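In: The amino acid sequence is not available; the structure is as follows:
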């Protein structure tokens, strides 16, 4: 949680309601043809009007120049310093496919890979075999039993899977087995501290058995494991901000993230429209709603400029349904930029707006990177967004006498 | 180095090349006559064009409101928190005159001063005597021998000199001898910890001898020493960013600074044109070049508005030669502002631009303080500049899963 020990003394629960829409990969970059970004290209009548009525600015997700993954991008929006609070790759991968993890479980991200006859890596991703090809191999791995732990292997996509180990007092202080280059053997797992010896032995026993059972496969005859991690224990978002906070997200990873920070997770369907339905249905039961919108990021990651424009327009068309609920505070933010021209998460600052009756009425002309760069909130660490939001909601009183 | 432990996991060496031009004292302030700053007054066709094609902003060298010396100003541009990483005054003074220092050497900045018959300070700077006058006195001091250390005294300018002490295990934890006021005697050196007793005794023995030998001088009959320091051990810039980094700087102090942070220092002549020649000659051998441009600061410090304008125009005329090398990333930054109207380093934010193929093309109209205040990079800590630069160079992957 944000490094602000006095927060607990100045934050108060009130009846006011906050809806925070997190648009995944919100920020973009200009097309080389038109010089306009996705937001500038899209027709966004509702978001533009909101921008005019709101306090706006740009958020820095982690630090200037740093492109965040979804974990750090979201944690900072929720007020957690993303350099201090970290969710491991294994846990995020497990959350992403909806695997529920106990406090003592250790997860890792698994890859199928290909070794030559000498056991040296030929392909660290096994030719990126399809889910169809990997699916029977995942079943082979899932049948492996090791004394002292309960192992489960879950398919993710293509050559990727989740390795999950349940047992008593297992540590995640383990080294990865991917040597990050070909021509060498996969690494053995090593324990990073004395407590991790048991987990190390169990994992290495699994790896030995996996090699044995995959040995005669032609395309994927071994696995690599990385990002061993347990569900971290973070201070509770709900407690820290005295909010009865709920998360509405169609994608499992974001539900998992919300769960890790201590929000209630509301079930919903797979479309954004379903999310809005859930928001409306549960509107009376919570005072803070995190609502996640995924398609903008997905199109950006695919390098599909036009697709991202359409995804933003689809979001825009749903804004009136949210405003109809008449929340005291509406926030539109993003966990990071995903410019279509980069086809990847990027380090660029991310548009944000906050509308409430306390808004200073200094809104900018439209909802875009360039317009919001001139907004009254300025360019600030995303980690501070929740403080802005709480103040706009009348939930934060003054600090110090 | 910047407090970002995960940096090593996300930074990668790539073939892309970065040229960072550091314009000493780059930022200025409006002339009271025209209301225009030096940058706004100068004709800068090349820098203006670069600004249009670049991501731009303003850097905060140390903290808002703090004017930095050259040491902190440069360290922050290189990603070192200037409040945590510090190069002592003695070391900087020695580096500034090209004295090479070993790990165990202790340097101090020396002043000639004038005492009355009772040994009380009458003038802490000995009437700022000229180099001509001080030069024979420096020779007198340089002849002093003290058992247990090798002492050297180097002239700097006017009443200033460098005191250098070589010996085994010498500590720099020593108090200064300048009482900062007249009417009292110079202070004896004291040891700030137990390890510094030897260095204290050696220095006090030197001071006793210096007083003895200068006693009968009329204008400068004693010395004051401050800023005792050894060359600090900093994490290596080259290692931290996985760069094969080179420094090209005509002035010794900046070569020394670059050496302290672990850059290779390339020999060059005394003019900026010589620096560009060296850049071109060595262009294939490194992937990062720090190129220092001094004249803007020198004119600013002299309070010469027109001179600084000319210095900036001279820099501008050399920009095409740098662009001809076709670096993947070009950075124009400054270590601090030196407004001519203040004739000193100042606390003002400093223009910065980054041009690369990942630039968002949201460039501002011209290269100036006011124009760049509207740039997409916003106003940010100079300490984060290297992260921006690495991202623009495609050398930084995303942080966190």
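Out: Arrived safely, thanks for sending. Quick caveat, the model's predicted, so the values are computed rather than measured.
In: Would you mind listing what in the stretch 201-350 of chain A touches chain B?
Out: Taking Cβ under 8 Å from any Cβ of the partner chain as the contact definition, the stretch 201-350 of chain A meets chain B at A:227, A:339, A:342, A:344, A:345, A:346, A:347, A:348, A:349. C-betas here are computed from N, CA, C, even on glycine.
In: Quick check: nearest residue in space to the residue of the stretch 51-200 of chain A found nearest chain B, chain neighbours excluded?
Out: Proximity of the stretch 51-200 of chain A to chain B (Cβ to the nearest Cβ) peaks at residue A:65, 3.0 Å away. Nearest non-adjacent residue to residue A:65, counting by Cβ to Cβ, 6 or more residues apart in numbering or on different chains: residue B:387, 3.0 Å away.
In: try residue A:144
Out: Residue A:144 sits nearest to residue A:209 (Cβ to Cβ, 6+ apart), 4.8 Å away.
In: What is the neighbour count of the residue of the stretch 101-250 of chain A found nearest chain B?
Out: Taking Cβ to the nearest Cβ, chain B has its nearest neighbour within the stretch 101-250 of chain A at residue A:227, 6.7 Å off. By the criterion of other Cβ atoms under 10 Å in any protein chain shown, residue A:227 has 21 neighbours.
In: Could I get the average pLDDT for the helix or strand harbouring it?
Out: If you go by DSSP states H and E, residue A:227 is part of strand A:222-229. What strand A:222-229 shows for mean pLDDT is 97.
In: Give me the residues contacting that strand.
Out: Residues from elsewhere that reach strand A:222-229 (Cβ atoms under 8 Å, 6 or more residues apart in numbering or on different chains): A:87-93, A:106-115, A:124, A:141, A:161, A:163, A:172-174, A:176-178, A:186, A:189, A:199, A:203, A:207, A:210-211, A:214, B:401.
In: From those, list just the buried residues.
Out: A:87-93, A:106-115, A:124, A:141, A:161, A:163, A:172-174, A:176-178, A:186, A:189, A:199, A:203, A:207, A:210, A:214, B:401 (16 or more other Cβ atoms under 10 Å in any protein chain shown).
In: Return the subset of those residues lying in strands.
Out: Those of the buried ones among the contacts of strand A:222-229 mapping onto strands are A:106, A:107, A:108, A:109, A:110, A:111, A:112, A:113, A:114, A:115, A:161, A:163, per DSSP state E.
In: which of those sit farthest apart?
Out: Across these, the longest distance by Cβ to Cβ is 25.7 Å; it joins A:106 and A:114.
In: quick one, what contacts residue A:52?
Out: Counting by Cβ under 8 Å, 6+ apart, residue A:52 touches A:363, A:364, A:365.
In: Please identify which of those is nearest to chain B.
Out: Closest to chain B, out of all of the contacts of residue A:52 and judged by Cβ to the nearest Cβ, is residue A:364, at 12.9 Å.
In: and the closest one, helix, strand or coil?
Out: Three-state call for residue A:364 (DSSP: H, G, I helix; E, B strand; the rest coil): coil.
In: What is the neighbour count of it?
Out: Counted with other Cβ under 10 Å, residues neighbouring residue A:364 total 22.
In: same thing with residue A:397?
Out: Neighbour tally, residue A:397, other Cβ under 10 Å: 11.
In: Would you confirm that it contacts residue A:10?
Out: Yes - if you go by Cβ atoms under 8 Å, residue A:397 and residue A:10 touch, sitting 4.9 Å apart.
In: Please enumerate the helices of the stretch 301-401 of chain A.
Out: A:305-324, A:369-372, A:385-392 (DSSP state H, counting those that start in this stretch).
In: quick one: contacts for the closest residue to residue A:166 other than its chain neighbours?
Out: Leaving aside its sequence neighbours, residue A:166 sits nearest to residue A:150 (Cβ to Cβ, 6+ apart; 4.3 Å). Neighbour list for residue A:150: A:165, A:166, A:167 [criterion: Cβ under 8 Å, 6+ apart].
In: Name whatever forms a beta bridge with the residue nearest to the last one when sequence neighbours are not counted.
Out: Which is residue A:167. Once flanking residues are discounted, residue A:167 sits nearest to residue A:149: 3.8 Å by Cβ to Cβ, 6+ apart. Beta-bridge pairing for residue A:149 (DSSP bridges): residue A:146.
In: Okay, now the unreliable bits of chain A?
Out: A:1-2, A:361 (pLDDT under 70).
In: Please parse it into its domains.
Out: Structural domains assigned to chain A are A:7-87+A:234-392, A:92-229, following automatic domain parsing.
In: among those, which is the most enclosed?
Out: Mean neighbours per residue, mean count of other Cβ atoms under 10 Å in any protein chain shown, is largest over the domains of chain A for domain A:7-87+A:234-392, with a mean of 21.
In: end-to-end on that one?
Out: 15 Å (Cα to Cα, to the nearest Å).
In: That domain: how far from the chain's middle?
Out: Counting by Cα atoms, centre = their mean, to the nearest Å, domain A:7-87+A:234-392 is centred 12 Å from the centre of its parent chain.
In: and what of stretch A:133-140?
Out: On Cα atoms, centre = their mean, the centre of stretch A:133-140 falls 27 Å from that of its chain.
In: Stretch A:212-230 too?
Out: Distance, centroid of stretch A:212-230 to centroid of chain: 26 Å (Cα atoms, centre = their mean).
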